[in-house]
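Student: Give me coordinates for this.
(one chain, ligands or ions: 1)
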Amino acid sequence: MKKAVRFVAIIMSAAVMLAGCSAAVQESVGIAENSGQQGSGVGETDSGQQGSGGIAEESGKQESVADEADSKQQETDEAEASPADLGLNTDVKEATQFTIDANDQVYALLDFDDESELENAKRGLIAAPDELEIKTDTGKVAWSQKAYAFLEKDAPHTANPSLWRNAQLNHIYGLFEVADGIYQVRGYDMSNITFIKGETGWIVYDPLMTVECAQAAFDLVKENIGDYPVKAVLYSHSHVDHYGGVAGIVSEEQVNDEGILIIAPEGFEEHAVCENVYAGNAMARRASYQYGTLLEGNETGSLCIGIGMGQSKGNTSYISPNTTIERTGQTLTVDGVIMEFQLTPGTEAPAEMNTWFPQKNALWMAENCTGTLHNLYTLRGAEVRDGQAWAEFLMETLKLYGDKAEVVFQAHNWPHWENKNILKYIANTAAVYKFINDQTLYYLNQGYTSTEIANMIKLPDELEKVWYTRQYYGTVAHNSKAVYQKYMGWYDANPVHLRQLSPSESAKKYVEYLGDTDEVLRKAKEDYDKGEYQWVAEITNMLVFADPDNTEARLLCADALEQLGYQAESGTWRNAYLCASQELRFGTNTDEATRAASKGGLASHMTPLMILQYIGIVTDTMKIQDLTFTANIILPDDSYVLFVKDGVVLYEKGALLDDPDTTWTTNKAGLFAIVNKDEEAISRLVTQSGDETLLAKLLEGVTGFGDAKYFNIVEP
Ligand SMILES: [Zn+2]
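Tutor: Numbers count the residues shown, from 1 in each chain. As a prediction, this is how the structure comes out:
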C-alpha cells in the first residue's frame, strides 16, 4: 500500500487528519451502512462549489507549505549544498505564453461560428430559475449552477476554448420541451431527467444521481406542466447518475402500493451493484481526480466534464427494478405510451438500452450518444469497453429507426432534431468509436505499442471538426490505449518490461546516475520556459519518486501539470492535471469531503456470493497464509462451503460437507459483519459449531482499506 505520510502530516490540520484516519473496520462498515441508509454525496470542493470550507482549508495549507519551504530554506542555508533556487512557489499560476498560443490555435481548428449546438442546448426552454442552487436537509449545497456564473464571458487564457464552450452549454439549465409530451430537465445534476407524459401520468427516464436534484427537477415540472402521478421509472443503464435520485421521484412504498413499474435492461442490478464494489476503494480515490472533487469551479480550476458540470453532492438512493427488458424489439405500453427497446450491452455500460417512441418518432439514446466523445476507458479505473460493439450497436440503431427519427435525445447534453441531422449525429458518433478501434488495431499490427499509438493517432480531418464528438470526456489518446489493452493487454512484448523496477526504485537509480539533481532541475526549468510541459512533468516527477521531499521538483512538476491542465480540451484530463498539481503543492488531500459519492443503498442488494467474493478482497491473504480449513455456511435460502486454503478464500455454492471443520449458520447481515470485522454483530448473527477459533483466525486477515483511503498518486 502506498501511504500518504510526510507532506500530509505537516500540512493537514489535526481535524482533517482525524477525518482521514478511519480504521479499516470503519471503512468497511461504511459499505454495510450504505445498505440501510442514503449514502452521502461527494466532496465539498467538487466543481461548482465556491467556498464551502475549501477556501479556508486551502489557505491553511498554503501557510503550512510556506512554513515547509521556509524550514527547508533554513536547512539548506545551514548545509553547504545550495538548492537550485528556481524561484518556485505554491501559487496558482497564470497561463504562460505557450499555453495562450496553444489555446489560440483551437480557434483555428474548430468553427466557432457554428452555433448549432448552442441552439440545440437552448431550444424548447419552458422555464428556468434565475439562479439554481440545490441544498440538502442539512444545508449542504448538493448542486449549483450559480457557482458557474463565471462562465458567462469569453474563454480566459487558462482554459481550452473548446472545453470552455462546452462548459457554457452545460451551464444552460431548466425545463425543456423535446417533443410533444416529452420534457427534459437539464443542468440539475450531471445527467438529464426525462418526463414522458402518458394518458394520466408520467414515465420518468433516468432520475438523476441524487435525491435532492431529482426532487428539484420534479418540482419544476409540476409547477410548469402539471402535477401527475408517476406510472413508471426507467433506468437506461447501470451507472449511479441514472438511478441514484429515484427516491426523489417515488418511494419504495409507492412503487409497491401503486404498482409503479421500475424498468431496466437485463443484468442491470448485478452490474449496478458490482461495478463499484470490488475495486471500489481505488476507484473512489481516482474518481476524485477525474471529477475534480479536490478543485474549486473557476477559471483556474474545474470547468465541466463534457457530460455535465460534475457530480452532485446530495444523497443517492436505490429501488430495485421490477420489470426487465430482455431483448431488442421488445415493446412495453405504459399509460398509453408505446416504448420499443434496443438492448446495447457492453457499450457504455455492461447493461444498457435505447428506446424508440413510435408514436412520437422520438429516439432515446441512453448514454450511447452523448454529444461528446465518451470513454472506452474511464480514468477512475474500470474494465475497458468495446469500441467495435459500440459502433455496431449504433449502426443497428440507424437500421432500426434511422429513417423515422425526428428527434434524438439522451441522458446527457441536449437533443438533436430533424432526420438529416440525426442520421449524421449517430453515424458520426459510430464513426469515432469505430475509427479508434480500427486505427489502433492497424497500428498495433504494425508493431506500435500502446504509448506510441496514443501519441500518433488523430481523428480524420472531417471527424475532427464535429462539435458533438469533441474530446471533452473521453479522448482519442486514452481510448486508443483501451483498445490496445482489450486486444493485447499490458505487455508490449519487450522483455525489459516483464519485471520492471518500481517507479521509486528506478527513480533512485536515475538520480544516482544523473548526479547533481539541482542541475537537472535547472535544465527542467529551462525546458519549462520553452513550454515543454510534458517532459518537465516527467523528469520532475521522477525526481519526486526518488525523493518526495524534493520541494523544488514537486513545485516545478506542479507548475508543468497546471499548464497542461489549462491546455486540455478534456474536462477529465484538466481535472486530473490540476488535482495532481494541487497535491504536489500541498500534499495528498485527505479531506473526507473530496471522496466521490458512495452508491447509497446498493450494498444491501449484494448477493451472498458477491459478499463471499468481497470477503476475499478485503482479506490480506499474506497475513493468514498458514490458515487452512473448511466451513459449512448455512443461510436462510442457500448454503456454501467455504474452503480457506493457505489463507485464500474459496467457496462452492449450493453445497455442504459431511464433516466440515466448522459450521456457521447466519444470513446476509452476518456475512456483512464478517466483511466489516464487526465482532459484536458477528456474535449476534453468526451461530458457530465445530471449531469456533477458525472464524477469529480468518478475521485476523480481514483488514479492509481504511488506511489506504487516500493513497498517494503523484508521489510514492
Ligand atoms: Zn451518465
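Student: now residue 609, what's its secondary structure?
Tutor: When classified by DSSP: H, G, I helix; E, B strand; the rest coil, residue 609 comes out as helix.
Student: can you tell me how far the closest residue to residue 212 other than its chain neighbours sits from the ion?
Tutor: Leaving aside its chain neighbours, residue 212 sits nearest to residue 314 (3.7 Å; criterion: Cβ to Cβ, 6 or more residues apart in numbering). C-beta here means a position set from N, CA and C on the backbone, and glycine is covered the same way. Distance, residue 314 to the ion, by Cβ to the ion, to the nearest Å: 16 Å.
Student: what about residue 314, which helix or strand?
Tutor: Using DSSP states H and E, residue 314 sits within no helix or strand.
Student: what number of residues lie near it?
Tutor: 33 (other Cβ atoms under 10 Å).
Student: contacting residues for it?
Tutor: Residue 314 makes contacts with 41, 134, 136, 140, 142, 143, 209, 210, 211, 212, 213, 245, as judged by Cβ atoms under 8 Å, 6 or more residues apart in numbering.
Student: any idea which of those residues is closest to the ion?
Tutor: residue 209 (8.3 Å; Cβ to the ion).
Student: gap between the closest one and residue 142?
Tutor: Noted for residue 209: a distance of 10 Å to residue 142, by Cβ to Cβ, to the nearest Å.
Student: Please name the spatially closest residue to residue 623 (chain neighbours excluded).
Tutor: Closest residue in space to residue 623, ignoring its immediate chain neighbours: residue 701 at 4.6 Å, by Cβ to Cβ, 6+ apart.
Student: Verify the stated contact: the one you found with residue 648.
Tutor: No: look at residue 701 against residue 648 with Cβ atoms under 8 Å: they stay out of range, at 10.1 Å.
Student: shared neighbours of these two, which are they?
Tutor: Shared contacts of residue 701 and residue 648 (Cβ under 8 Å, 6+ apart): residue 621.
Student: ok, those two, which is more surrounded?
Tutor: residue 701 (21 against 14).
Student: how about that one, phi and psi?
Tutor: With angles defined as degrees, to the nearest 10, residue 701 sits at phi -90, psi -20.
Student: Contact partners for it?
Tutor: Residue 701 touches 619, 620, 621, 623, 624, 627, 647, counting by Cβ under 8 Å, 6+ apart.
Student: where's it relative to residue 610, distance?
Tutor: Residue 701 is 19 Å from residue 610, where distance means Cβ to Cβ.
Student: what does the chain put close to the ion?
Tutor: Selection of the chain residues close to the ion by Cβ under 5 Å from the ion yields 191, 239, 241, 367.
Student: circling back to that earlier point, what pLDDT does the residue nearest to residue 623 get?
Tutor: Per-residue confidence at residue 701 stands at 97 (pLDDT).
Student: How about residue 497?
Tutor: Taking residue 497 on its own, its pLDDT is 97.
Student: and what of the one 5 residues further on?
Tutor: Turning to residue 502, the model gives it a pLDDT of 97.
Student: gap between it and residue 408?
Tutor: Separation of residue 502 from residue 408 (Cβ to Cβ): 48 Å.
Student: Between these two, tell me which one has more neighbours.
Tutor: A direct count of neighbours by other Cβ under 10 Å for residue 502 and residue 408 places residue 408 higher, at 25 against 10.
Student: my read is that one is in a strand, agree?
Tutor: Yes: membership of residue 408 in a strand is supported by three-state DSSP.
Student: show me the contacts for residue 388.
Tutor: Shown in contact with residue 388 (Cβ under 8 Å, 6+ apart): 433, 434, 437, 438.
Student: just the helices in the stretch 351-500 of the chain please.
Tutor: If DSSP state H, counting those that start in this stretch is used as the criterion, the helices of the stretch 351-500 of the chain fall at 387-401, 419-445, 450-456, 461-464, 476-488.
Student: so of those helices, which one's packed in deepest?
Tutor: helix 476-488 (a mean of 21; mean count of other Cβ atoms under 10 Å).
Student: Give the buried residues for the next helix or strand along the chain from that helix.
Tutor: Proceeding N to C from helix 476-488, the next assigned helix or strand is helix 503-514, under DSSP H and E. Within helix 503-514, the residues scored as buried using 16 or more other Cβ atoms under 10 Å are 504, 507, 508, 510, 511.
Student: which among those gets closest to the ion?
Tutor: Ranked by distance to the ion (Cβ to the ion), the buried residues of helix 503-514 are led by residue 504 at 36.5 Å.
Student: Just give the nearest non-adjacent residue to that closest one, would you?
Tutor: residue 716 (4.2 Å).
Student: ok, now which ones touch the one you found?
Tutor: 2, 503, 504, 544, 545, 548.
Student: Which two of those have the greatest separation?
Tutor: 2 and 544 (13.0 Å; Cβ to Cβ).
Student: Quick one: which of the residues of the chain next to the ion is the most crowded by neighbours?
Tutor: Neighbour-wise, the residues of the chain next to the ion (other Cβ under 10 Å) top out at residue 191, 30 neighbours.
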